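Trainee: Turn this into a model:
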Amino acid sequence: MPHKTALITGASRGIGAAAAREFAKAGANVVLAARTSSDIELLASDIGERALAVTCDVSKYEDVALAVSKAIETFGSLDVLINNAGVIDPIAMLADSDPESWGKVIDINVKGVYYGIKSAIPAMKNSGVIVNISSGAAAGALEGWSHYNASKAAVLSLTKTAENETSESIRVVGLSPGTVATEMQSIIKKSGVNIVSELDWSIHISAESVGKALVWLCSDDAKEFRGEDVSLRDPEIQRRAGLR
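Mentor: All right, here's what the predicted structure looks like:
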């Protein structure tokens, strides 16, 4: 992906950090956006001159818009947006949930994706790919995850809407990676709530595998996928993404 620029939210760890490394390996410039400045600055230093760290809280529109502006100012274009930033804690049954905490998850998981799409569409100038990190929770409502279920269902709707509005110029698609060996899975396991918390750690795929899949999904080889969630649980998708 030489001469392309990819902006990745939630880039300080997990899928975001792995994706940044994989896009850089593919020859892209990478803009690392996250709240933890020290982590993304260290990662940018490790990647090299084609990486830029931008402190960004995706729940704030001005932060996301600034990250997009800095991508263009530094590298001359924005070609890929990976809306990856997302949280699942605190996990709680609806009756026990805290309204303020519930709302903060929506601010990050839903509004953050909306802010990214809104900022990226005009910046991409009729050519680009937007990938929203989705989840099986978009269609399957697991107990204790009301905030996460609702947020991922909303993100799927945003994916479909954005594709409908930009299909002549920008490709918008979701990636549902399945269970991934990241800090989020540690939080889920510790909660002891619903069947996902009972899964053995060994079945979770690596963040690096998701990073590789994201690079593939943004390539011409995956251009038929648009306006939908692509499942990384699908063996054929794994094969096409080079994971098998």
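Trainee: CA atoms for contacts and neighbours, from now on please.
Mentor: Fine.
Trainee: Could you point out the longest helix of this protein?
Mentor: helix 146-166 (DSSP state H).
Trainee: Dump it to PDB, keeping only the CA atoms.
Mentor: The C-alpha trace of helix 146-166 is given here as PDB (Å, rounded to 0.1, in the frame of the first residue of the first chain):
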ATOM      1  CA  SER A 146     -26.400  -4.000  26.600                       C
ATOM      2  CA  HIS A 147     -24.100  -0.900  25.900                       C
ATOM      3  CA  TYR A 148     -21.800  -2.900  23.700                       C
ATOM      4  CA  ASN A 149     -24.600  -4.800  21.800                       C
ATOM      5  CA  ALA A 150     -26.400  -1.500  21.200                       C
ATOM      6  CA  SER A 151     -23.200   0.300  20.100                       C
ATOM      7  CA  LYS A 152     -22.200  -2.400  17.600                       C
ATOM      8  CA  ALA A 153     -25.700  -2.600  16.100                       C
ATOM      9  CA  ALA A 154     -25.500   1.200  15.700                       C
ATOM     10  CA  VAL A 155     -22.100   0.900  14.000                       C
ATOM     11  CA  LEU A 156     -23.400  -1.600  11.500                       C
ATOM     12  CA  SER A 157     -26.200   0.800  10.700                       C
ATOM     13  CA  LEU A 158     -23.600   3.600  10.200                       C
ATOM     14  CA  THR A 159     -21.600   1.300   7.900                       C
ATOM     15  CA  LYS A 160     -24.700   0.700   5.700                       C
ATOM     16  CA  THR A 161     -25.700   4.300   5.700                       C
ATOM     17  CA  ALA A 162     -22.300   5.600   4.900                       C
ATOM     18  CA  GLU A 163     -21.900   3.100   2.100                       C
ATOM     19  CA  ASN A 164     -25.300   4.100   0.600                       C
ATOM     20  CA  GLU A 165     -24.300   7.800   0.700                       C
ATOM     21  CA  THR A 166     -20.700   7.400  -0.700                       C
END
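Trainee: Identify each buried residue in the worst-scoring helix or strand of the chain on mean pLDDT, please.
Mentor: Least confident helix or strand of the chain, by mean pLDDT, DSSP states H and E, is helix 183-191 with a mean of 86. Within helix 183-191, the residues scored as buried using 16 or more other C-alpha atoms under 10 Å are Met184, Gln185, Ile187, Ile188, Lys189, Ser191.
Trainee: Now do the same contact list for the first one.
Mentor: Which is Met184. Residues near Met184 by C-alpha atoms under 8 Å, 6 or more residues apart in numbering: Val87, Ile88.
Trainee: One more: the third one?
Mentor: Each residue near Ile187 by C-alpha under 8 Å, 6+ apart is listed here: Asp89.
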